[in-house]
Structure formats: C-alpha cells, structure tokens
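Peer 1: Predicted model and sequence follow; I will ask about them next.
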Amino acid sequence: MNPILADKIAHAPKAELHIHIEGSLEPELIFELARRNGVALPYPTVQALRDAYAFTDLQSFLDIYYAGASVLLHEQDFYDMTAAYVERAMADHVVHAEIFFDPQTHIERGVSIETMVAGMERALAEAEARGFSSKLIPCFLRHLPEEHALQTFDAALPMFERYGHRLIGVGLDSSEYGHPPSKFARVFALAKERGLKLVAHAGEEGPPAYVVEALDVLDVHRVDHGVRSIEDAALVARLADARVALTVCPLSNLKLCVVNDMTEHTLKRLLDADVMVTINSDDPAYFGGYINQNYLAIADALKLTDDELYKIIRNGFEASFVTDAQRAAYLSLLDAYWHAPQAMP
Ligand code: ADE
Ligand code: ZN
C-alpha cells in the first residue's frame, strides 16, 4: 500500500476497544512466568509453542490460549502482562484502551479477582501517568453455565465498587457455537441494573441471529466482531441506524479462518452500509500483530482510502466508554493530526 498512508495510520492516535489481555501474552513471557511459578507447559520451547499457533477455528485457538493463561498466578504476573501490553500499545500510538480479561479462567486455578485486578490496575495507573488511559471489562466464559457467570459477577461486585474508575462493564467471550447470548440473559440484566456497560462477542463464527440476540436480549452497547452481520440486511440497517459499533479484529478473523483471505473480509461492506466499524487486535500475541498491523493488513487488502481510515479511527473514539469531554479531546487530537499538512499522503 501507499507507504505515506501506512505511516500516517501507524502514527495516528487510536483507541483500542477489543483486546483480551491474556491474548497479549507473548510466548517468551509465558515461558518466563511458567519458570517463575513452577508451572509445567505442554511445549518444550518458545519456538514449539509458537509453532502450535496454526489455528483452524476459534476452538483450536481457545485451547492454546487457556493453556497459555495457566501461567498467571500472582499479582505480579498480571502486572507484568499488562505492562508489556501497554508498551506495545503505546508504540502503536494507542491513547485509550478498553481491555478484556477472563476472571473464570483464573478463578479455576485459585486466583482471586482481587489479585487479577490489583496487578492490572497497578500497571494501568502507571500508564495513566504517561498519558495512556484505559478501562477494564471482565468477560463471562460462554462455554460455562450461566450459574458460574452469576457466581463470578457476585465475586466481582466488591471490585466494581473499589475500582469503579477502571472496571466499567461486562463482556461475553469464548466458544460461540451452541452458546447464544440469551444463555446469559440473567447475569447481563443484573449488570444492566448496576448501570454497567455491556458488550458481547457475537457473529464472529456464530450466525447473525446471535448478534440480534445480543441486541434484543442482552441490550449490549457494542458488539465484538459482528462480522457475520453482513449476512442479514435488516440487521445491517439496524446496526447503522442505532449506531451500534462493531469491534472488528481483522488478523484474528484471518487466523481463525472466519475469512479465507483478507480480501474477502466484510469490513468494507459494513462500512459502506454506514455501520460503525472499528479496528482492534483481539489476541495480538497469537494472531501476528498488534493494532497497527491490523490496520495495515486490512487497509492493504481492501484498498481503504484516507477518508475511510480516518472514519474508522474516529469510530474507535466515538464508540469508547469515556466521558464526553474526554471523547471531544481525543477527536480534536485526531483531527489535528490527520488533517495536518505534513500528515497528508
Ligand atoms: N477469547 C479470546 N479471544 C477470543 C475470540 N476471538 N473470540 C471469543 N473468545 C475469545
Ligand atoms: Zn475477542
């Protein structure tokens, strides 16, 4: 692609709205934490682990992702993982991130939510002092019963009280097929009663009907992925009319075989239909790149224009869960950068 436009994207201030912090664990850090914590890994070397990153679908990835997350035991581990992500994100000019984590994965190994949040909060507070703002969103694992999600929500309530500036919502992730959003109607209703922000993965591998359920039953503010929405014209019109953002993750979709080739990605068709699409990294350590690599890969494959890329970056700030004043400040920052004469391709 045009190298000047590529450089312009890479240096633009951005929001990242779909990043699983456990998916930012690079193989080297997985091995370091395994050694520090005496956790046995089913892979002899960093290279052997990296070689296993050949996924055929979402489940084939999740099996390795949960194995990688098994090295996280102590507050310092959550700090180290989060601090490493912050460095990568800041290098890509991310100025605001809304970060997912999977409490149930860690609770199962005896780690308290307090431990997880304290470690991440310490890294994020330090990042805040360097101009990097962030929120945390715990996600429920949809392959587990709703009863587990309800217990997890209960256990998380003191965290929502104590870290209310950081923990601002709940999400839904993990294996999509056979686990529709409606399975989690009760726990999302409780979160809504508390005024929390609501998001859910839907329409990644699963059908557009799951996106409709996420809207109708869970009442989500944003949909994570949602790329299969394109198969339902009425849904596309509804997403556009209601300005419901999709947090799209191009390299993830390619690596998990949601699309066979980046040129087949639905992002541009959704954008053309006026859907509020954003670009994000999902699990960057596993999918071959952080946010800038996602922008560059899809911009190149779909021949996105300067205006389209501006729109997508702008959508990231528009769809973020920040105050109106913060949003206005980010949009001014973006406009000053994007429209500056030296930034023109
Ligand atoms: N957990 C981490 N990454 C995920 C993805 N892409 N889809 C569903 N659950 C996930
Ligand atoms: Zn995701």
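Peer 2: That came through fine. Ligands and ions are numbered 1, 2, ... in the order given.

Peer 1: Quick check: L41 vs ligand 1, distance?
Peer 2: 19 Å (CB to the nearest ligand atom, to the nearest Å). For every residue, glycine as well, the C-beta is placed using N, CA and C.

Peer 1: Could you do S252 as well?
Peer 2: From S252 to ligand 1 the distance is 5 Å (CB to the nearest ligand atom).

Peer 1: tell me the pLDDT at P13?
Peer 2: Predicted confidence (pLDDT) at P13: the value is 98.

Peer 1: again with the one 3 residues further on
Peer 2: E16 is assigned a pLDDT of 99 by the prediction.

Peer 1: Return the residues of the stretch 151-300 of the chain in contact with ligand 1.
Peer 2: In this structure, the stretch 151-300 of the chain approaches ligand 1 at residues 173-174, 201, 204, 252, 282-283, judged by CB under 6 Å from any ligand atom.

Peer 1: Pull the contacting residues for V236.
Peer 2: 229-230, 270, 273, 275 (CB atoms under 8 Å, 6 or more residues apart in numbering).

Peer 1: Nearest to ligand 1 among those?
Peer 2: Proximity of the contacts of V236 to ligand 1 (CB to the nearest ligand atom) peaks at S229, which lies at 15.5 Å.

Peer 1: Give me the phi and psi angles of whichever residue of the stretch 101-250 of the chain sits closest to ligand 1.
Peer 2: Nearest residue of the stretch 101-250 of the chain to ligand 1: D173, at 3.5 Å (CB to the nearest ligand atom). When read as degrees, to the nearest 10, the backbone of D173 gives phi -140, psi -170.

Peer 1: wait, doesn't it sit right on H225?
Peer 2: No - with contact defined as CB atoms under 8 Å, D173 does not count as touching H225 (9.8 Å).

Peer 1: got any residues that touch both of those two?
Peer 2: Counting by CB under 8 Å, 6+ apart, the shared contacts of D173 and H225 are H201.

Peer 1: tell me which element S332 is part of?
Peer 2: helix 324-338 (DSSP states H and E).

Peer 1: in that helix, what counts as buried?
Peer 2: 327, 330, 334, 337-338 (16 or more other CB atoms under 10 Å).

Peer 1: So what touches it?
Peer 2: Contacts of helix 324-338 (CB under 8 Å, 6+ apart): 8, 11-13, 15, 95-96, 133, 310, 313-314, 317-318, 320, 322, 343.
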